[in-house]
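Visitor: this one's structure only:
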């Protein structure tokens, strides 16, 4: 009979600590302003494209698969190893890609504002190296790049980091749907469960995506975002 050795408390400490750190970094509760953005969802509700739990779930699944997996998550997958190896030219190129692919003023505002807020948090917590600090002093830091930097300095694997990032995004967007449509908390949890089941495949796609196939192309979302900038009444900044 084979006796299975139980892991000691010390053996569990490191992976649990790493997991908690990833959860903290990806949480919508991180004080960088994520709660103030709906990423086009509010405009979709205003135009009647999203009206209930089912349509909100379908909208967010599409956004996860067509936008996040092909754009920011794919970029973070490349940015984490760049930060880990101090490949600052690659970091500059990836950061510039983010700035160039934000199709509306509010999308750019979200990326830059949240990136700057995360950067200040990392500074205050002394989680930047001197070389990284010099890099950010000379660049307009964006959220995907600062999130990748935080993950890299936490020594997170790309796979674990993207799962954490994806779930944090899903939590934030579910809360936006609850407030905007509006929906009850039970509906929100059903949506979040569905999104959570779709995250692993989105992560796998993001990691496997060749760099020359990374794309930020969601015309309807861009149109809704541009309309949202002039929407008469709104709860969110995007």
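Guide: Arrived safely, thanks for sending. Every value quoted in this text rests on a predicted model; they were computed, and no experiment measured them. Residues are numbered from 1 along each chain as shown.

Visitor: Would you quantify the distance from residue 44 to residue 180?
Guide: 9 Å (C-beta to C-beta, to the nearest Å). In this view, the C-beta of every residue, glycine as well, is placed from N, C-alpha and C.

Visitor: How about residue 191?
Guide: As judged by C-beta to C-beta, residue 191 and residue 180 stand 12 Å apart.

Visitor: neighbour-wise, which of those two wins?
Guide: Neighbours per residue (other C-beta atoms under 10 Å) separate residue 191 from residue 180, with residue 191 holding more: 23 against 20.

Visitor: isn't the more buried one right next to residue 56, touching?
Guide: Yes. The pair residue 191 and residue 56 qualifies as a contact (C-beta atoms under 8 Å) at a distance of 6.3 Å.

Visitor: overlap in contacts of the two?
Guide: With contacts taken as C-beta atoms under 8 Å, 6 or more residues apart in numbering, the residues that reach both residue 191 and residue 56 are 177, 183.

Visitor: Now for residue 72, how many residues are close by?
Guide: Counted with other C-beta under 10 Å, residue 72 comes out at 27.

Visitor: Would you mind confirming that it is in contact with residue 144?
Guide: Yes. In this structure, residue 72 is within contact of residue 144 by C-beta under 8 Å, at 4.6 Å.

Visitor: any residues in contact with both of the two?
Guide: Counting by C-beta under 8 Å, 6+ apart, the common neighbours of residue 72 and residue 144 are residue 98.

Visitor: For the host helix or strand of residue 74, buried residues please.
Guide: Under DSSP states H and E, the secondary-structure element containing residue 74 is helix 72-84. For helix 72-84, burial by neighbour count (16 or more other C-beta atoms under 10 Å) applies to 72, 73, 74, 75, 76, 77, 78, 79, 80, 82, 83, 84.

Visitor: Mind putting the residues you listed into a markdown table with distance to residue 126 and pLDDT?
Guide: Shown next, in a markdown table, are the buried residues of helix 72-84 (distance: C-beta to C-beta, whole Å; pLDDT from 0 to 100):
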| residue | distance to residue 126 | pLDDT |
| --- | --- | --- |
| 72 | 26 | 96 |
| 73 | 28 | 97 |
| 74 | 30 | 97 |
| 75 | 26 | 97 |
| 76 | 23 | 97 |
| 77 | 26 | 97 |
| 78 | 26 | 97 |
| 79 | 21 | 97 |
| 80 | 20 | 97 |
| 82 | 22 | 97 |
| 83 | 16 | 96 |
| 84 | 18 | 95 |
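
Visitor: Following element in sequence after the host helix or strand of residue 42, please.
Guide: Residue 42 belongs to helix 41-46 when elements are defined using DSSP H and E. Of the helices and strands lying after helix 41-46 in sequence (DSSP H and E), the nearest is helix 53-62.

Visitor: Name the surrounding residues that touch that next one.
Guide: Residues contacting helix 53-62 (C-beta under 8 Å, 6+ apart): 41, 44, 49-50, 170, 173-174, 177, 181, 183, 187, 190-191, 194-195, 198.

Visitor: how about 6 Å then?
Guide: Applying C-beta atoms under 6 Å, 6 or more residues apart in numbering, the contact partners of helix 53-62 are 44, 50, 173, 177, 183, 187, 191, 194, 195, 198.

Visitor: Next: stretch 78-93.
Guide: With contact meaning C-beta under 6 Å, 6+ apart, stretch 78-93 is reached by 94, 135, 145, 148, 149, 151, 152, 158.

Visitor: Right, I'll leave it there.
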